[in-house]
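how would this look folded up:
(chains A and B, ligands or ions: 2)
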Amino acid sequence: MAQQPLLKMVGVRKTFGPVVALDNVSLELNKNEIHGFLGGNGAGKTTLMNVLYGLYKPDAGEIYLDGQKIDIRSPKDAIAHGIGMVHQHFLQIENYTVTENIVLGTELQNRPTLKLDEAEKRIADLSERFGLVVDPRAVIENLPMGVRQRVEILKALYRGVRILILDEPTTNLTPQEVDALFESLRVMVNQGLSVVFITHKLREVMSVCDRISVLRNGRNAISLPRSEANEEILVREMVGEGLDVEKSLLFSGEGLGKKTLPVGEKVVLHVENLTVRDENGLPVVNDVSFDVHEQEILGLAGVAGNGQQELAESLLGIRPIAAGRVVINGTDVAQTGTRQLIEQGVTYIPQDRLNDGFLPRASVAQNLILGYHRQPPYSSKNGLLNWPAIYQTARRLIKEYTIKTTGPDEIGANLSGGNIQRVMLARAFSHQARLMIAHNPTRGLDIHSMEFVYTKLLEQKEQGLATLLISEDLDELMLLCNRIAVMYRGQIMGILDRSQFDKYQIGRLMSGVKIND
Amino acid sequence: MTEQAIENKLTPGWVTRFLPDLLAVVASFVAAGIFIAAMGFNVLDAYETILFTSFRSTNGFIQTLLKFVPLVLLALAFTVPLAAGKFNIGGEGQMIVGAIGAAAVGIVFADLPGVLLLPLVILGGILFGAFWGAIPAWLLYRFNINEILTTVLMNFISFGLIDYVATEIWKDPLAGHPTTVPIGTGGQLPLLVSSPPLHSGLLIALVTAGLIYMYTNRTSAGYELIATGANPRASHVYGINVRRMFLMSLILGGALAGLAGAIEVSGNHHRLIEGLQSNFLILGIIIGLISRGNNLAVPFVAFFIAVLEVGASAMQRTMMIPGEMVFIVEALVLLFVLLSDVVRRR
Ligand SMILES: Nc1ncnc2c1ncn2[C@@H]1O[C@H](COP(=O)(O)OP(=O)(O)O)[C@@H](O)[C@H]1O
Ligand SMILES: [Mg+2]
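Ligands and ions are numbered 1, 2, ... in the order given. Model (predicted):
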């Protein structure tokens, strides 16, 4: 292996104000390899790749390509050097075709006519060559997430890149789409490309990568070929100190086993033929029915944007119900307001925590009681706030949930993203509840917090809580849930019991293929 | 303002807490001093007049308190909707219409005894002011029309309205300026000090400021107001009826300004006089902004501004320095306070 690496990043440092996102980080990418870049949320993976792609200017560090030092100041420079990137949350123009999206920003051959025939043909060729199946004439808004991502990859290939960076590309894909993506990556490296594949999921790097580097807290942890790697080494490097990997839920594989798990007798949430319409009157939740029992976690799987958020919001009275019944603890709550529902023990962890759950201009203490501010002990019957009690709770929660803050008085906006998340988790988990609706509760959380959430969810389930866990992370759902319902275009395609859990079966339902048995 | 913050204020921590504000005040005086000197006046004399006129004579002090009353109420008329994230720029119109309401009640029921008439006059002002605030509030609630625009427009309507009332309906034929006939004597606020006269509107203003502070900072309803201002979407998600908060806060703002109008009629003029709104709107906004919307700070800042205002007219009288100079000082204080916020955030 004396061959010179294709790309080398050396001693990269990047700070954001007081936050040191990268500290003396190095990375070597060989020709024709899929390089797995593994690390928990917040480890600094995206930041490093943004440096490579010319989006961030590093405080220190050098980049070498074929042994030559290069200077990358913008994505344009990066592409000129043959480096392309597919962002985790990429932007596309919804009402343009695939071809139009791809050629946007490149030099057009026949500018006067704007004829795209040639481009279309090249895209079709690339698509064929790398197994990235897509119709160049399709309009973006009609395409599922997996195909849109292929468009994004084709965009880079069309510009002739040699090195392709994929930032958490599997987040919104079904298992089938993940497999297809991995196959395409293999074809790419066989044809001379090199790939940096970023993920926080262990199993993904193990299944597709040739070489694996682990980043932890903005520092290099380890870098080794696939043949020398095993899950245990990688987990330890990813997590570092302070988490008992043996006892960890997150890395427990099968988790609670593959058998049906017992649930309580009582149905806490009963949803019957629920329909919710959007602003244009179109059904975003369409004739949905399911039950959640006491002591049960019902998972709701699905690619983002298939009506999950609307469903959650309608159950909480945030969004009006067009038709159907919602029964909580035996009473019909279709017309009940959010405030009453919270009082009746329904808690919510919204997925967009910053916008839907946080008061940036209010204090940490005020944030910790949002939604519960009319309940004892925070508020007396005559509507007076009990500040001493509020502060007492706030201090306790700050300690219990290790929220880094100067105190209950600190203004919310001063907190870091991770601590804002903790404030909201503390709020959701510390109040007595009978039904919890959690939407992507671990998105963006570091490994320790993720583990914490899993532990809490299971602990509360054991105590009888009914949970509707909406998540785009299939591993998470398969780990924790009693049953998984799959949502596609506003409909429930099927509900599987734990004994029937199968990644690919769920994947099929996620892409709208009904079970036929 | 929270428990902890109050504690902080009372402990030596308050020095560091208020130091930036104090510096802002000093800086604005220095800046204004440069103007005054450039205009060829004695700077130290000017400072002395501005700052100490209020405290050198009983008359000066009472003048200051009389200014303080409408200022504190107009400031609250601005800060209460501000807490919910809404801008009430209509305090002037709400005050005028409140004054009209108070005067109308006082004139129509002039013969009622004081125990009845006085509360009715005050209530009339509050309700009329609330009504004037309710119109933009409703337009916002129902049609989502920006409240800044509508509250300003409502001011202009009120100018026409007071002119009509004072020159057509209850015109005082003897007065040279548009003025109504006096209200019944029962509708006059009793005096706390008879000479120079200080009416009991001061007590009403202080109690009101206390109640508003209680409401915004000590009740769960006030919590909802503040949460709405901090993030309406999250407040909605967690069960707060934010549109009702917008509505209520603007109506309450109108009521507060209306009360100011009623007190001017019932305590000061005993009739409706065109122009009684003075420049209280803009000063109220300045007070609200210097206080950063903190209702505990509002009375103190209002008193400070009242001192400056009284000092300003004295300065104009005795030194021939244009009174507008003080307006520049006030604007500079605001500017420096906002600046100190930016610096502090670094
Ligand atoms: N634009 C930014 N401003 C401030 N902090 C940032 C910014 N981007 C990333 N960070 C911080 O840098 C750290 C690494 O973030 P990131 O590279 O996104 O992690 P990863 O991609 O591994 O999840 C985190 O602590 C994050 O909060
Ligand atoms: Mg990332």
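
quick one: pLDDT of the residue in the stretch 351-500 of chain A that ligand 1 sits nearest to?
Closest residue of the stretch 351-500 of chain A to ligand 1, Cβ to the nearest ligand atom: residue A:417 (5.3 Å). All C-beta atoms are positioned from the backbone trio N, CA, C, and that covers glycine. Looking at residue A:417, its pLDDT stands at 85.

where's residue 299, which helix or strand?
By default, I'm working from chain A. If you go by DSSP states H and E, residue A:299 is part of strand A:296-301.

Switch to chain B, please.
With DSSP H and E as the criterion, the answer for residue B:299 is helix B:298-319.

Residues in contact with whichever helix or strand comes after that helix: which ones?
Proceeding N to C from helix B:298-319, the next assigned helix or strand is helix B:324-345, under DSSP H and E. Judged by Cβ atoms under 8 Å, 6 or more residues apart in numbering or on different chains, the contacts made with helix B:324-345 from elsewhere in the structure are B:20-21, B:23-25, B:27-29, B:31-32, B:35-36, B:46, B:50, B:283, B:286, B:289-290, B:292, B:305, B:308-309, B:311-312, B:315.

Apply 7 Å and report the result again.
Counting contacts by Cβ atoms under 7 Å, 6 or more residues apart in numbering or on different chains, the residues outside helix B:324-345 that touch it are B:20-21, B:23-25, B:27-29, B:31-32, B:35-36, B:50, B:286, B:289-290, B:305, B:308-309, B:311-312.

For burial, what's the neighbour tally of residue A:107?
By the other Cβ atoms under 10 Å in any protein chain shown criterion, the neighbourhood of residue A:107 contains 6 residues.

Could you grab the helix/strand/coil label for it?
Following DSSP: H, G, I helix; E, B strand; the rest coil, residue A:107 is assigned to coil.

Now the closest residue to chain B within the stretch 51-200 of chain A: closest residue in space, sequence neighbours ignored.
As assessed by Cβ to the nearest Cβ, chain B sits closest to residue A:59 within the stretch 51-200 of chain A, at 19.5 Å. In space, not counting the residues next to it along the chain, residue A:59 is nearest to residue A:13; the distance is 4.6 Å by Cβ to Cβ, 6 or more residues apart in numbering or on different chains.

and what of residue A:455?
By the measure of Cβ to Cβ, 6+ apart, the closest residue to residue A:455 outside its immediate chain neighbours is residue A:249, 6.3 Å from it.

Quick check: that neighbour vs residue B:196, distance?
Summarising the geometry, the distance separating residue A:249 from residue B:196, computed by Cβ to Cβ, to the nearest Å, is 77 Å.

Those two: which has the busier surroundings?
Relative neighbour count places residue A:249 above the other of residue A:249 and residue B:196, with 17 against 14, counting by other Cβ under 10 Å.

Just list the residues touching the more buried one, thanks.
Taking Cβ under 7 Å, 6+ apart as the criterion, residue A:249 is in contact with A:255, A:451, A:454, A:455, A:479.

Looking at those residues, which is nearest residue A:236?
In terms of Cβ to Cβ, no member of those lies closer to residue A:236 than residue A:451, at 14.1 Å.

Domain boundaries for chain A, per the record?
The record's domain parsing of chain A by automatic domain parsing lists A:7-242, A:243-258+A:265-345+A:432-517.

can you redo these as JSON lines with mean pLDDT?
As requested, those are arranged in JSON lines below (pLDDT from 0 to 100):
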{"stretch": "domain A:7-242", "mean pLDDT": "90"}
{"stretch": "domain A:243-258+A:265-345+A:432-517", "mean pLDDT": "91"}
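
Export those as TSV, with columns for distance to residue B:154.
As requested, the domains of chain A are arranged in TSV below (distance: least, Cβ to Cβ, whole Å):
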stretch	distance to residue B:154
domain A:7-242	42
domain A:243-258+A:265-345+A:432-517	31
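
so which of those domains gets nearest residue B:251?
Closest approach to residue B:251 among these is made by domain A:243-258+A:265-345+A:432-517 (21.1 Å; Cβ to Cβ).

Would you mind writing the CA trace of stretch B:38-51 as CSV?
The C-alpha trace of stretch B:38-51 is given here as CSV (Å, rounded to 0.1, in the frame of the first residue of the first chain):
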residue,chain,number,x,y,z
ALA,B,38,-21.2,74.1,19.5
MET,B,39,-24.3,76.2,19.6
GLY,B,40,-22.5,78.6,22.0
PHE,B,41,-24.3,77.8,25.2
ASN,B,42,-22.9,76.9,28.6
VAL,B,43,-22.9,73.2,28.8
LEU,B,44,-22.8,72.7,32.6
ASP,B,45,-25.6,75.2,33.1
ALA,B,46,-27.6,73.3,30.5
TYR,B,47,-27.0,70.0,32.2
GLU,B,48,-27.9,71.4,35.6
THR,B,49,-31.2,72.8,34.3
ILE,B,50,-32.1,69.6,32.5
LEU,B,51,-31.4,67.3,35.5
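
Identify the residues contacting that stretch?
If you take Cβ under 7 Å, 6+ apart as the criterion, stretch B:38-51 is touched by B:29, B:33, B:36-37, B:307-308, B:311-312, B:314-315, B:318-319, B:321, B:326.

Tell me, how many residues neighbour residue A:48?
29.

Which helix or strand contains it?
Residue A:48 is part of helix A:45-52, with elements assigned from DSSP H and E.

next structured bit after that helix?
Scanning forward in sequence from helix A:45-52, with DSSP H and E defining helices and strands, the next element found is strand A:60-65.

got the angle for that next one vs helix A:45-52?
With axes from the mean of the first three to the mean of the last three Cα atoms, to 10 degrees as the basis, strand A:60-65 and helix A:45-52 are set at 70 degrees to each other.

how far is the following helix or strand past strand A:60-65 from where the chain is centred?
Using DSSP H and E, the helix or strand that follows strand A:60-65 towards the C-terminus is strand A:68-70. Between the mean C-alpha point of strand A:68-70 and the mean C-alpha point of its chain there is a distance of 35 Å (Cα atoms, centre = their mean, to the nearest Å).

which residues sit against strand A:68-70?
Outside strand A:68-70, the residues that touch it by Cβ under 7 Å, 6+ apart are A:62, A:63, A:64, A:81.

most centrally placed residue in the chain?
Assuming you mean chain A. For chain A, the residue nearest the mean C-alpha position is residue A:443 (4.8 Å; Cα atoms, centre = their mean).

ah, I was thinking of chain B
Central residue of chain B (Cα atoms, centre = their mean): residue B:74, at 2.0 Å.

and it, what is it in contact with?
B:91, B:95, B:257, B:260, B:280, B:281, B:284.

just checking, the fourth one touches residue B:73?
Meaning residue B:260. Yes: with contacts counted by Cβ atoms under 7 Å, residue B:260 reaches residue B:73, the gap being 3.8 Å.

Pull the contacting residues for residue A:482.
Residue A:482 is in contact with A:261, A:263, A:296, A:297, A:298, A:498, counting by Cβ under 7 Å, 6+ apart.

switch the cut-off to 10 Å
The neighbourhood of residue A:482, defined by Cβ atoms under 10 Å, 6 or more residues apart in numbering or on different chains, consists of A:256, A:260-263, A:292-293, A:295-299, A:461, A:467, A:469, A:497-498.

where are the low-confidence patches of chain B?
Applying pLDDT under 70 to the predicted model, the residue ranges of chain B that meet it are B:1-17, B:344-346.
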